[in-house]
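1. Have a look at this prediction, sequence included:
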Amino acid sequence: MTTTTDIRPGDLTDERVVRLLTDHLTDMFATSPAESVHALDVSGLAVPEVTFWTITEGDVVLGCVALKEIEAGHGELKSMRTDAAARGRGLGARLLEHVLDEAARRGYRRLSLETGSQEFFRPARTLYAKYGFRECGPFAGYELDPNSIFMTLELEP
């Protein structure tokens, strides 16, 4: 029997989700100086302008992603994470495609993100570039930071 993956709204009170987000923050603080970590914790994800999803396989939470509305027509990709044990399965691409579809459904004209400049983040940057994201300057209150790379994608109207 083959188990399929499913993307659905994430439950921020689910201990499996909390563990995934804790692992995410642990990696961010281990890789970047504290002042350069812009990852959201559970409370940062539990606000009205953020929509949060998980990707699961049966009862196993494999990853997560969030979409934050910056302003009308402009969203930000946040909290993209695949559990270390599930990497290499294309789950990050599935999560990104889900957010791109949702951004289009909402009528966004632009989707932006901040990621790290360190080698650890190269796979993520490569994925984003594959989907058409290009480097840009800081947006939405971010400031220039040698530990951050800002990327954006103009969406079809």
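-> On my side now, so go ahead.
2. can you give me the end-to-end distance of stretch 110-122?
-> This stretch, stretch 110-122, spans 22 Å end to end (Cα to Cα, to the nearest Å).
3. again but with stretch 55-62, I slipped
-> First residue to last in stretch 55-62 (Cα to Cα) measures 6 Å.
4. With stretch 40-53 instead?
-> End to end - Cα to Cα - stretch 40-53 spans 14 Å.
5. what about stretch 76-89, start to end distance?
-> One end of stretch 76-89 sits 24 Å from the other (Cα to Cα).
6. low pLDDT regions in the chain?
-> 1-3 (pLDDT under 70).
7. Let me see the ranges of the helices in it.
-> In the chain, the helices defined using DSSP state H lie at 15-31, 42-45, 91-105, 122-130.
8. So which of the ones you listed is nearest residue 53?
-> Proximity to residue 53 (Cβ to Cβ) singles out helix 91-105 among the helices of the chain, at 6.4 Å. C-betas here are computed from N, CA, C, even on glycine.
9. So in terms of bridging, what pairs with residue 74?
-> residue 71, residue 110 (DSSP bridges).
10. From residue 109, how far off is it?
-> Taking Cβ to Cβ, to the nearest Å as the measure, residue 74 falls 7 Å from residue 109.
11. With neighbour numbers in mind, choose between the two.
-> residue 74 (18 against 15; other Cβ atoms under 10 Å).
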